[in-house]
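*Asks:* below: sequence and its predicted model.
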Amino acid sequence: MKIAVIAGTSDAVSLIHQLPDYDITAFTATEYGKEILKNSSCRICVGRLDKQAFLNVLSDFDAVADASHPFAQQVSANVKETCRFLSLPYFRLIRPEMQYDYKKIYLVSGKEEAARILSDLSGNILLTTGVMTLHFYEQHVKNFDSRGFVRILDTEDSRRMAEKAVSHVIFAIPPFSEQDTLDLIQKYQIAVLVTKDSGQRGGLPEKINAARIAGIPVLMLKRPDETGMSIPEIISNLKKLEENIC
């Protein structure tokens, strides 16, 4: 059975490693996504795909497992719509949600609300939400050019997208330990940390613990609402699909 995995995350790596002996192709937008898949038993296709491109490449598969980042909403929307058009079984892998007991965590609905709050706060900002929203914060947060410190994945794509950045960009490769983030907080006298609710796989516990040690607040973007399955549930559904095909 031919399975397409929408990859680029450690979730996708775990899924592929646990899948039965299927004919698997992983689609990842970046070279970093390819790198973390290097020990996985699958073909790897690298490049950002739009709706038409997904339509072209997914038509030969028996099912699609979407293990893209929980905040990659447009990617999931394009894949889901393509699967509906092709009558292709679609299974969305969901990261387990976590509860955090740090009292200085403030949830926000999105980057717009985060930018409004950050503009009203004083002090330096450590932004850990990725390169895709960097320029938005530079445009919408007061004095971000001088007080914004942005940790970004050190890849060719990220460096290209951050070429015109006017804030302080820190390129690095995950995973990031609690000490890694704490070092940045202390080095740059950070007053507030901005992150996504990306769960344990996104290194969120380490960020929160670093902020807790430093005693600074965490501005956390809420995870988009969506439904999906765990890895065992996806595997179970694929096995049922395989039985029906056979």
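*Replies:* Yes, it's here.
*Asks:* how is the chain divided into domains?
*Replies:* 2-93+227-245, 105-221 (automatic domain parsing).
*Asks:* can you put these in a markdown table and add mean neighbour count and distance to Gln99?
*Replies:* C-beta coordinates here come from the backbone N, C-alpha and C atoms, glycine included. Output for these, formatted as a markdown table (neighbours: other C-beta atoms under 10 Å; distance: least, C-beta to C-beta, whole Å):
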| stretch | mean neighbour count | distance to Gln99 |
| --- | --- | --- |
| domain 2-93+227-245 | 17 | 16 |
| domain 105-221 | 17 | 10 |
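*Asks:* want to try TSV for the ones you listed, with mean pLDDT as columns?
*Replies:* Compiled in TSV, the domains of the chain are given as follows (pLDDT from 0 to 100):
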stretch	mean pLDDT
domain 2-93+227-245	94
domain 105-221	96
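*Asks:* how distant is the helix or strand containing Phe54 from the center of its chain?
*Replies:* Phe54 belongs to helix 51-58 when assigned by DSSP states H and E. The chain centroid and the centroid of helix 51-58 are separated by 21 Å, computed with C-alpha atoms, centre = their mean, to the nearest Å.
*Asks:* restrict that helix to CA atoms and write it as CSV.
*Replies:* Provided in CSV are the C-alpha atoms of helix 51-58 (Å, rounded to 0.1, in the frame of the first residue of the first chain):
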residue,chain,number,x,y,z
LYS,A,51,-2.9,23.0,-3.6
GLN,A,52,-2.3,22.2,-7.3
ALA,A,53,1.1,20.6,-6.5
PHE,A,54,-0.5,18.4,-3.9
LEU,A,55,-3.1,17.4,-6.4
ASN,A,56,-0.5,16.4,-8.8
VAL,A,57,1.7,14.3,-6.4
LEU,A,58,-1.0,12.6,-4.2
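*Asks:* so what does the helix or strand that comes right after it touch, helix or strand wise?
*Replies:* Going down the chain from helix 51-58, the next helix or strand is strand 63-66, by DSSP H and E. Counting contacts by 3 or more C-beta pairs under 8 Å, 6 or more residues apart in numbering; DSSP states H and E, strand 63-66 is packed against strand 2-6, helix 73-86, strand 90-92, helix 231-245.
*Asks:* circling back to that earlier point, outside of the helix holding Phe54, which residues touch it?
*Replies:* Residues from elsewhere that reach helix 51-58 (C-beta atoms under 8 Å, 6 or more residues apart in numbering): 4, 27, 45, 49, 64, 78-79, 81-83, 85-86, 88.
*Asks:* and the angle from it to strand 2-6?
*Replies:* With axes from the mean of the first three to the mean of the last three C-alpha atoms, to 10 degrees as the basis, helix 51-58 and strand 2-6 are set at 150 degrees to each other.
*Asks:* ok, Val75 to Asp50 distance?
*Replies:* From Val75 over to Asp50 the distance is 10 Å, taken as C-beta to C-beta, to the nearest Å.
*Asks:* what does Asp23 give?
*Replies:* On the measure of C-beta to C-beta, Asp23 and Asp50 end up 25 Å apart.
*Asks:* ditto for Pro174
*Replies:* Look at Pro174 and Asp50: by C-beta to C-beta, they are 27 Å apart.
*Asks:* cool, thanks, talk later.
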